[in-house]
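A.B. asks: Curious how this folds, go ahead:
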Amino acid sequence: MANMFLCFALGFLYMFTANAALPKSHYGKEFYIGMIAGRTWTPDFQIDIASKEKGNMYLDIPHLNIHRNQSLSKGDTTLTVSNALIRGGTFIENRGIYLSADVPVAVYVTWKAVSYVTDTYLALPLSSLGTRYTVASYDPFNVTDGNNRITIVRLDCQDVHQLSSQTDISNIAIWSDKPVATISGTSCAFVPHDVGNCDMLLEQIIPVSSAWDTMFIVPPIFPKLGYLVKVFSANNAKYCLKTVSTTLCNQS
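C.D. replies: Predicted structure coming up:
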């Protein structure tokens, strides 16, 4: 498979329930989950469910013919999902995962090929999803020039629209008429650009409407030798980056 950057958007019909009225948080009772394909490896992936109390959960993966109820432990419950759910390239298929619980839980999704090539993203519950996103990502290995595009698709419940590109598609805007989950990733990244093991980078994007703000604290990233900060703005705006000794301002 070619060196590809993959943007993965998981769409579903939003049903207004009591869970949808929960405060926006990473804790919730309903989740829509997906996984993008790596360039070199396609391992099974792991879902960890953290709960403060015992409960019950329901897992629905139509593509794998999985529709099951099971108990939920206090602490961590781990699920392994077959790599048969993962597909490379650009497509629209029913490859989404629906997970629900009768108690509030936090959900973490981990892709691990080998011990030194792995990544985890925090899944956002249905109550924290939105209808407008700006994609953030990292340059893929062997990046090439890309083209602007406008794509309109219809997604049914648990359908996945996966967009694959050989460019960094940061700043692509996603709009929908119902809340969707959006997962961005780079299937083969060297971090820094001249060092790496074809790393997978994954993140569930937070919606513009509910989570964007005007002030952030950016902690240093180990080994603190310098790091990349990307600033996104939904509108034209002035922004400033400040340290204890320096202030740098610019216009977005």
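A.B. asks: List the residues that contact the residue nearest to residue 232 when sequence neighbours are not counted.
C.D. replies: Beyond its immediate neighbours in the sequence, the residue positioned closest to residue 232 (Cβ to Cβ, 6 or more residues apart in numbering) is residue 134, lying 5.0 Å away. Placement of C-beta: from N, CA and C, glycine included. Applying Cβ atoms under 8 Å, 6 or more residues apart in numbering to residue 134 gives the contacts 171-174, 205, 208, 232, 234.
A.B. asks: Against residue 80, how distant is residue 134?
C.D. replies: Distance, residue 134 to residue 80, using Cβ to Cβ, to the nearest Å: 32 Å.
A.B. asks: Also residue 47?
C.D. replies: When Cβ to Cβ is the yardstick, residue 47 and residue 80 sit 8 Å from each other.
A.B. asks: Would you map the helices across this structure?
C.D. replies: 208-211 (DSSP state H).
A.B. asks: Residue 47 and residue 80: who's more crowded?
C.D. replies: Under the criterion of other Cβ atoms under 10 Å, the comparison of residue 47 against residue 80 puts residue 47 first, with 20 against 10.
A.B. asks: What residues are recorded as beta-bridge partners of the residue at minimal distance from the centre of the chain?
C.D. replies: Here the mean C-alpha position of the chain is nearest to the C-alpha of residue 204 (Cα atoms, centre = their mean), at a distance of 2.1 Å. Each beta-bridge partner of residue 204 is listed here, defined by DSSP bridges: residue 183.
A.B. asks: Contacts only, for it.
C.D. replies: For residue 204, the set of contacting residues under the criterion of Cβ under 8 Å, 6+ apart consists of 121-124, 181-184.
A.B. asks: Once you drop chain neighbours, what's closest to residue 240?
C.D. replies: Distances taken as Cβ to Cβ, 6+ apart place residue 249 nearest to residue 240, at 4.1 Å, with adjacent residues excluded.
A.B. asks: would you list every one of the strands in the stretch 1-150 of the chain?
C.D. replies: The residue ranges that make up the strands of the stretch 1-150 of the chain, judged by DSSP state E, counting those that start in this stretch, are 5-11, 28-33, 45-51, 55-61, 66-72, 75-81, 91-93, 97-114, 117-123, 130-134.
A.B. asks: Would you list the strands that the shortest one pairs with, along with their directions?
C.D. replies: Same thing as strand 91-93. Pairing partners of strand 91-93, with direction, according to DSSP bridges: strand 159-165 (antiparallel).
A.B. asks: Pull the strand it pairs with out as CSV, backbone CA atoms only.
C.D. replies: Only the C-alpha atoms of strand 159-165 are listed here, as CSV (Å, rounded to 0.1, in the frame of the first residue of the first chain):
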residue,chain,number,x,y,z
ASP,A,159,-21.4,3.9,8.4
VAL,A,160,-17.8,5.1,8.0
HIS,A,161,-16.5,7.5,5.4
GLN,A,162,-12.8,7.1,5.3
LEU,A,163,-10.7,9.6,3.3
SER,A,164,-7.2,8.5,2.4
SER,A,165,-4.7,11.0,1.2
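A.B. asks: List the buried residues for that strand?
C.D. replies: Within strand 159-165, the residues that qualify as buried are 159-165, counting by 16 or more other Cβ atoms under 10 Å.
A.B. asks: coming back round to it: from residue 35, how far off is the residue nearest to the centre of the chain?
C.D. replies: Counting by Cβ to Cβ, the gap from residue 204 to residue 35 is 11 Å.
A.B. asks: Ok, residue 176 next?
C.D. replies: Using Cβ to Cβ, which is the criterion applied here, residue 176 is 20 Å from residue 35.
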